[in-house]
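In: Sharing a model that was predicted from the sequence below.
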Amino acid sequence: MEKQLMSQFWHAIESAKTIAIGGHKKPDGDCVGSSIGLYNYITENYPDKEVKCYLGEYAKEFEILEGLANACTCVDEKSFKEAIHSAPTYDLFIALDTSNTERLEFFKIFEAARDKILADHHITNERYARLNLVFESSSAAEACYDLIAFREDKEFPLLSKPVADAIYLGIIHDTGVFKHSNTTRHTMEIAGALLECGVSSSKMIDGTFYHKTYTQNLILARVLLESELYFDGKVITGVVPREYLDLYNASKPDLEGIVDQLRITEGVEAAIFAYETEGEGNYKYSMRSNDIVDVSKIAVKFGGGGHVRAAGCTIEGSAKEGLALLIDEIKKQL
Ligand code: AMP
Ligand code: MN
Ligand code: MN
């Protein structure tokens, strides 16, 4: 990332008295980790600033992060509306891990802010802020690390545990614990430096990535049981209609990781996981690929976005219809 842009990023933060940090809908580990990491760093280093994080309904496991309870306004739909309603006009909104404004959960607060900047790592990022820093990094959390390292003027600065834990959590989630192709030497070096900051590595990895609640296991089992294979098993699909959430008393965060379980099925190149979004007659699709298919191209075609090996979009209509469209696009690339 160009030094001049990173310097402008910190200048925007220094010029603001009130700051909101926000990420994408259905916040994942990277969204939560990068937001809380940056939140903790700013509050430690600029105690005079008023900083607030705006995150949607995140998985309970992320409460392991120190600072999360202080930083955040909202977890469910009711408090979401209240948060939007009662939010002041911020001097600065920092959008993290979010490629476009439709994906930005608290868009209204972003829109009202006097200044807007973003740090992201999606190749499909639409550069919707005044200052747009789109990193070629594994995760938004890795981007935040680089931004902090720039400000500290050290390649691998010593960070407090609350900052280091949050960034580490973001990195492990977007790299699938350092196994996805987005993991680079730099990612690993940062992870090494974070270990020296005292991160609770196994607690983060097991507690937020591998452990599943009984509910999560049940819904995963149901999806696997009903999964379908196409093209000699190169493509696999799984679906969660709305009624499954009620049946298993599950919520959206409980669906995290299902698409990866589909993807690692022997012989599979691309996996599609669909779940019905509430009351809209739409399905949200998560796509993953192993070696060949560029799923971000497909997602963009249907108004979504993401990365080459992990992307998503929402399509109106039944899962059958939506899956047929996506499978057809995958077929063209196989
Ligand atoms: P998901 O399948 O929701 O875990 O998302 C995989 C990747 O694609 C993540 O980096 C998301 O931020 C991104 N993504 C998912 N859905 C969309 C969308 N509708 N628009 C843009 N990016 C998306
Ligand atoms: Mn994300
Ligand atoms: Mn990310």
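Out: On my side now, so go ahead. Ligands and ions are numbered 1, 2, ... in the order given.
In: gap between the residue of the stretch 101-250 of the chain found nearest ligand 1 and Ala299?
Out: Ligand 1 sits closest to Arg103 of the stretch 101-250 of the chain, with a gap of 4.9 Å, by C-beta to the nearest ligand atom. No exception for glycine: its C-beta is placed from N, CA and C like everyone else's. From Arg103 over to Ala299 the distance is 11 Å, taken as C-beta to C-beta, to the nearest Å.
In: which residues do the two both contact?
Out: Counting by C-beta atoms under 8 Å, 6 or more residues apart in numbering, the contacts common to Arg103 and Ala299 are Gly305.
In: Residues in a beta bridge with the residue nearest to the residue of the stretch 101-250 of the chain closest to ligand 1 when sequence neighbours are not counted, which ones?
Out: Nearest non-adjacent residue to Arg103, counting by C-beta to C-beta, 6 or more residues apart in numbering: His24, 4.4 Å away. Assessed by DSSP bridges, His24 has beta-bridge partners Leu104.
In: neighbours around His24, how many?
Out: By the measure other C-beta atoms under 10 Å, the count of residues near His24 is 24.
In: What confidence value was assigned to it?
Out: On pLDDT, His24 comes in at 95.
In: Surely it is in contact with Cys31?
Out: Yes. With contact defined as C-beta atoms under 8 Å, His24 reaches Cys31; the gap is 5.6 Å.
In: Which residues are in contact with each of these two?
Out: Residues touching both His24 and Cys31 by C-beta under 8 Å, 6+ apart: Asp97, Thr98.
In: re the thing from before, the residue nearest to Arg103: what's it in contact with?
Out: Each residue near His24 by C-beta under 8 Å, 6+ apart is listed here: Cys31, Asp97, Thr98, Ser99, Arg103, Leu104, Glu105.
In: Just the CA coordinates for the helix or strand harbouring Leu245, please, in CSV.
Out: Element membership for Leu245 (DSSP states H and E) is helix 242-247. Once non-C-alpha atoms are left out, helix 242-247 reads as follows in CSV (Å, rounded to 0.1, in the frame of the first residue of the first chain):
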residue,chain,number,x,y,z
ARG,A,242,-36.0,-20.1,6.7
GLU,A,243,-37.9,-22.9,8.5
TYR,A,244,-34.7,-24.7,9.4
LEU,A,245,-33.5,-21.8,11.5
ASP,A,246,-36.8,-22.0,13.5
LEU,A,247,-36.7,-25.8,13.6
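In: contacting residues around that helix?
Out: By C-beta under 8 Å, 6+ apart, the list of residues contacting helix 242-247 reads Ile219, Arg222, Ala250, Ser251, Lys252, Asp254, Glu276, Glu278.
In: Which ChimeraX command selects the buried ones in the residues you listed?
Out: A single ChimeraX command is used to select the members of these judged buried by 16 or more other C-beta atoms under 10 Å:
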select :219,222,250,252,254,276
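In: which one of the contacts of helix 242-247 sits closest to Thr213?
Out: Asp254 (7.1 Å; C-beta to C-beta).
In: In terms of pLDDT, where does the residue located most distally from the centre of the chain sit?
Out: No residue in the chain sits farther from the centre than Asp232, which is 31.6 Å out by C-alpha atoms, centre = their mean. At Asp232, the model reports a pLDDT of 97.
In: next one: the helix or strand containing Leu147 to chain centre, how far?
Out: Leu147 belongs to helix 140-152 when assigned by DSSP H and E. Helix 140-152 has its C-alpha centroid displaced from the chain centroid by 17 Å (C-alpha atoms, centre = their mean, to the nearest Å).
In: next one: stretch 198-217
Out: Using C-alpha atoms, centre = their mean, the offset of stretch 198-217 from its chain centre is 17 Å.
In: If you count neighbours, what's buried in it?
Out: Quick answer for stretch 198-217 (16+ other C-beta under 10 Å): Val199, Met204, Ile205, Thr208, Phe209, Gln216.
In: Would that stretch count as contacting ligand 1?
Out: No. Stretch 198-217 lies out of reach of ligand 1 by C-beta under 6 Å from any ligand atom, never closer than 13.6 Å.
In: Whether stretch 292-306 contacts ligand 1 - can you check?
Out: Yes. Against ligand 1, stretch 292-306 shows contacts by C-beta under 6 Å from any ligand atom at Gly304, Gly305, Gly306.
In: how close does the last one get to Lys212?
Out: Distance of Gly306 to Lys212, computed by C-beta to C-beta: 24 Å.
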